[in-house]
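Chemist: Got a sequence here, can you build the structure:
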Amino acid sequence: MAMSVAGDFDLLLLDFGGVCTPSHDEYLKASASGLEILQHVRDACIRIVGEAREKGLVVAVLSNEIDMSWPESRRFLQTVDHVVACSDNRIFKPDRRAYQRALLATGVDAARTLFVDDEPDNIAGAMGVGLATVLFDLVNPEASWREIADLLGLGQR
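Modeler: Below is the predicted model of the structure:
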């Protein structure tokens with residue numbers, strides 16, 4: 001992770017599948033319960049996004065998997081400031097242009113951005129454009145959300 005001081009960010013930039021929602025493996029384990037992976041958003045994600053927005057941070061989703069019709073039907077995507085769907089221009093993470101597009105859309109400088117993704121290649125791509133990063137741990141998602149909250153200087157409940 002790039003080093004930054006807690007609370008030194010203006011933008012929280014999140015991957016969607018695996019970070020905001022359970023991963024495909026988590027979905028398969030929970031499929032007997034009828035969980036629909038892309039409709040279910042992690043409780044910790046909802047809480048941290050809400051706290052970040054209350055603190056005045058911009059929150060955006062940058063995803064290779066979603067398309068721009070999704071914010072209309074997925075309530076969580078309506079709660080963030082920006083949704084950047086890589087599928088609409090076919091420039092996908094870890095291409096540096098995907099991160100640059102998100103920065104352009106949000107108007108926030110790379111040095112003031114915390115990016116969270118569960119794919120190491122995407123983390124490397126983000127670091128290449130100067131973003132601070134958190135590699136999201138799918139085995140222990142709560143620990144990742146605590147790390148994100150700490151880096152953003154948010155209170156823990």
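Chemist: Could you identify the helix or strand that succeeds the lowest-mean-pLDDT helix or strand in the chain?
Modeler: When the helices and strands of the chain are scored by mean pLDDT, DSSP states H and E, helix 24-30 comes last with a mean of 66. Once the chain leaves helix 24-30, the next helix or strand it forms, by DSSP states H and E, is helix 43-54.
Chemist: what does that following helix contact?
Modeler: Applying C-beta atoms under 8 Å, 6 or more residues apart in numbering, the contact partners of helix 43-54 are 12, 14, 19-20, 59, 76, 79-81, 141-142, 145, 148-149, 152, 154-155, 157. From N, CA and C alone the C-beta is placed, and that goes for glycine too.
Chemist: Which ones among those lie within strands?
Modeler: In strands, defined here by DSSP state E, the members of the contacts of helix 43-54 are 12, 14, 59.
Chemist: shaky segments in this structure?
Modeler: Low-confidence segments of the chain (pLDDT under 70): 1-7, 24, 26-39, 156-157.
Chemist: Could you list which of the contacts of helix 43-54 belong to helices?
Modeler: The helices, defined by DSSP state H, take in 141, 142, 145, 148, 149, 152 from the contacts of helix 43-54.
Chemist: Of the residues you listed, which is the nearest to residue 66?
Modeler: residue 141 (19.2 Å; C-beta to C-beta).
Chemist: In a markdown table: the ones in helices among the contacts of helix 43-54, plus distance to residue 71 and neighbour count.
Modeler: Output for those, formatted as a markdown table (distance: C-beta to C-beta, whole Å; neighbours: other C-beta atoms under 10 Å):
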| residue | distance to residue 71 | neighbour count |
| --- | --- | --- |
| 141 | 23 | 20 |
| 142 | 26 | 11 |
| 145 | 22 | 23 |
| 148 | 22 | 22 |
| 149 | 24 | 19 |
| 152 | 23 | 19 |
